[in-house]
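In: Generate a structure from the sequence data that follows.
(chains A, B and C)
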Amino acid sequence: MMDTQLLISGVIFGLSLGGIFFLMTIGLSLCFGLMRIISLDQLLYYSIGGYITYSVSLAVGNIWLGVLGGVVVGGLAALAVERIVFRRIYDRDLPFTMITSFGVLIGGVGVIKYFWGLVPRPVPVPIDAQVFIIGTEIPVYRLVIIGIAGLVYVGIWLFLNRTIIGKAIRAGTEDVEHVEGLGINVYRLFTITFVIAGGLSGLAGGLHAPLIMVDPNMGLEVLAFVFMVVIIGGLGSIKGTLVSSFLVGQVVSIGSLVYAPLAQMAPFAIMLLILLVRPTGLFGSQMLKR
Amino acid sequence: MTNNDDILTVAGLNVAYGESKALFDVSMSVRRCQVVACVGRNGAGKSTLLKSIAGFLKPTSGSIVSNGTSLVGMAAFAVAGMGIKYIPQDKKVFSDLTVRENLELGSYASQDYDWAPVIDYFPKLQVLMDRKAGYLSGGERQMLMVGRAILGQPKLLLVDEPTEGLAPSIVMHLRNVFKELAKKTALVIVEQNLPLVCAIADKVYALKEGRIMAELTDRESIKPEACEIYL
Amino acid sequence: MAAAMNVLRWWWGLVLAFALVALVRVFLPLPFANEIIIFSIYTMGCNYLLGRVGFISFGQPAYLAVGAYAAAFYLFYFGNNPYVGILIGVLAGIVVSFAIGPLFVRLRGDYFALVNLALAVIIFYLMQKVLADITHGDNGLWFLTSLTSTPVLDLTKPDHFFIFAFLVAFALWAFYKYLDDSIFGACCLATKLNEDKVKFLGYSSFNIRLFAFVIANTTTALAGAMYAVYLGFVSPEITSPARAADPVVVTILGGVGTLYGPIVGSIVYTGMKDVLSKVLGNWELVIGFVLVFIMLAGEKGIWGTLEPLIKKTFLRVTGNAADQGGSSR
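Out: Numbers count the residues shown, from 1 in each chain, chains lettered A, B, ... in the order given. Next up is the predicted model:
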């Protein structure tokens, strides 16, 4: 019988973790849906987000400004990479782009190590307060993260369903050539999508930073989870990533209350189970062949 | 029939998919408001020709010129921006978007928000405005694709097998639409439906295994039997 | 005479390549040479998967760990014979590959890559925390001193180990060359290029991929077992996600899909790592950019670019000789 308080804080913890995962995986999902690339380098923008948050908050004293900085720099880094690297290789096949993005990730981590060194750095939590929900003490910051993730979901939904660029992107996930045939500059769509992904990854890193210590390998540590979320949810589906983000978040969180060591592995087991039944993930698009 | 009237001139076009050659030394021309048909069996290279003109395939050699500008090497969206619109086979529309949103995309691309001509040609679309395009029938999709393509007053439409798999009544409707369109827009239509082609075409090119076998320019001689010989 | 010529022609590439490797041993320090051989074997698995089957795996450390830890468990808890340890490592590789192969091989290329990576992370976590009781977690398993000397080639001695590793590698490369030339090799390549056509021909692409998966990952496990015996110790570091890049980078660097790419890649990579880590603190920067650069420049890698050139010149030279000799055809 589990302590209700523990359970509730576990659920909230899981929701906030799921929120962080979601921010990272929307970008990945969109990049895949539209450009058919697996942008492993998004984990770099996540790390950048964390580190910029650290540095700016250290310099200015305001952590939220740090997070904002993380978003901006993450987006800018993404823009640079898109222009310099990806623009040349969109027509290549998937393994090719995967390896290249992996190269960017590794190289970028090297740059981070160069500037900030190897020692993990702490980032103070912007909101120290706690609040009582059903008799349990919950850190407000975690609720804020959940809130921000929710806002982002609404924002992305509005963007994709109510703006013309968003609709063009949705159309592009179905058939990019066809969109181009209408006369729309799809390369600009690619850039926009990539930068949005980078910014969101930076946001995830910035928000996560106070909860963990920023270290050069933070991207790699989170990499497996992020990709498990993406695979479970299915590449290319926004709804899928939302569901699986929070699912994985809960599994890790509640799981660690039940039996800590296994909690980290549980998402993996779930992923394998789901892939056994549906090799393209819960909501993944069946239409894409190898 | 001066050269100024030519809105598209293709000369000596060679196109290959990797190592396998698809088009050999193809030459053709289209005048303003002319209806040009490309006929041929499956695999003859008709779609390849349209895709190359539209900018989706890079030719290995040859030229494609429209109003003095070379189209070779241009990005496909730039070609469309020049008023040359490509309507692909397979009646693919954006399934997750509504008919309205499909048209909105067309308007956004061409900056033409006047849908009156589109509804004029295809009144059915008005009824289907808020239906997701994925739920349309084949004929309705074709209507949407053509309707969307005429936004922006294109000077040339490249249409790939528009009547494939459609009921005779819709084929008739499309035939009339094309005839009307030809008053303002040139058309290059790839078709297997010879009677349709012969009814509306001013000029017919017969393609076989990647080569132009014949060019029929005399309206009198454009009959299904005449085309058959060359295929 | 013709038969002998054919045999010679088949073997001469291998002999030449390994003669060069032996030269490396002569001119460079022994640890370097040993490292290169084992690393080449490690990379060969990844190279085969990516180049011949079309699968990219970011999780090769997982199978390395399987081989290494299997050998380590044996050598730490049960016995002392390094040969047996290596054998156990290989067997573990076969068993694990057959166990998870059927699931992984059905997946799309991108899912496959990520799933393998997840596997590497899981195994890392398993060895580091979950099974820490038997793996001793980050402290690792030490058994260097308990290894027994073996007759003929004493694997506890590095220079003997080199000879052993050299022979194993030679045999392994001959095996892969044989695979390449066989129907199976053709099937693999065909499946990579166009799976549907292969199925239409009556081959089971699933079986082809499964066997290739087992062969490649068993090779990786072999490398793991060899690492275990050579170093005399195994720790979770071997399967850390940070090391997941190594086999991929070396594969690309050497030339994906080529037979000798892994050897060339290993030599260059280990050399670079050695030189750069003395100059720069962190050479990951360089590796990352090198990888991106190679990809943008055509993804052929060092041997991938050299091999066609060498073949062309060689053919031209022998072609001329044949003409002058006036041989009839």
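In: Tell me which stretches of the chain form strands.
Out: Picking chain A for this. A:130-133, A:136-139 (DSSP state E).
In: that answer is for a different chain, and I need it for chain C
Out: For chain C, the strands defined by DSSP E occupy C:141-142, C:233-234.
In: Between these, which one is closest to chain B.
Out: strand C:233-234 (46.8 Å; CB to the nearest CB). For glycine as for every other residue, the C-beta is placed from the backbone atoms N, C-alpha and C.
In: residues making contact with the closest one?
Out: C:68-69, C:71-72, C:140-144, C:227-228 (CB atoms under 8 Å, 6 or more residues apart in numbering or on different chains).
In: Include neighbour count, distance to chain B and pLDDT when you put the residues you listed into CSV, please.
Out: Putting the contacts of strand C:233-234 into CSV (neighbours: other CB atoms under 10 Å in any protein chain shown; distance: CB to the nearest CB, whole Å; pLDDT from 0 to 100) gives the following:
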residue, neighbour count, distance to chain B, pLDDT
C:A68, 31, 43, 90
C:Y69, 29, 45, 89
C:A71, 31, 46, 88
C:A72, 33, 49, 86
C:G140, 18, 51, 77
C:L141, 22, 52, 78
C:W142, 16, 55, 80
C:F143, 23, 54, 76
C:L144, 12, 54, 74
C:Y227, 26, 42, 88
C:A228, 31, 46, 87
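In: ok, A:F283 - contacts?
Out: A:233-234, A:237, A:239-240, A:243.
In: Provide a ChimeraX selection command restricted to the buried entries of those residues.
Out: To isolate the buried members of the contacts of A:F283 in ChimeraX, using 16 or more other CB atoms under 10 Å in any protein chain shown:
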select /A:233,234,237,240,243
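In: Against which helices or strands is the longest helix belonging to chain B packed?
Out: As assigned by DSSP state H, the longest helix anywhere in chain B is helix B:168-181. On a contact count with 3 or more CB pairs under 8 Å, 6 or more residues apart in numbering or on different chains; DSSP states H and E, helix B:168-181 meets helix B:116-121, helix B:138-149, strand B:186-191, helix B:194-200.
In: same thing but at 10 Å, please
Out: With contacts taken as 3 or more CB pairs under 10 Å, 6 or more residues apart in numbering or on different chains; DSSP states H and E, helix B:168-181 sits against strand B:35-40, helix B:116-121, helix B:138-149, strand B:156-160, strand B:186-191, helix B:194-200.
In: is the second one up against chain A anywhere?
Out: No - Helix B:116-121 stays clear of chain A (CB under 10 Å from any CB of the partner chain), getting no nearer than 13.9 Å.
In: Just confirm B:V93 contacts B:L136, I think it does.
Out: Yes - using CB atoms under 10 Å, B:V93 is in contact with B:L136, at 7.0 Å.
In: Which residues are in contact with each of the two?
Out: Common neighbours of B:V93 and B:L136, counting by CB atoms under 10 Å, 6 or more residues apart in numbering or on different chains, are B:99, B:102, B:142-144.
In: about what we covered before: output the helices and strands packed on helix B:168-181 in a markdown table, with mean neighbour count appended to each entry.
Out: A markdown table is the format used below for the helices and strands packed on helix B:168-181 (neighbours: other CB atoms under 10 Å in any protein chain shown):
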| stretch | mean neighbour count |
| --- | --- |
| strand B:35-40 | 26 |
| helix B:116-121 | 15 |
| helix B:138-149 | 23 |
| strand B:156-160 | 25 |
| strand B:186-191 | 25 |
| helix B:194-200 | 18 |
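In: any chance of these in CSV, plus mean pLDDT?
Out: Putting the helices and strands packed on helix B:168-181 into CSV (pLDDT from 0 to 100) gives the following:
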stretch, mean pLDDT
strand B:35-40, 90
helix B:116-121, 92
helix B:138-149, 92
strand B:156-160, 94
strand B:186-191, 92
helix B:194-200, 84
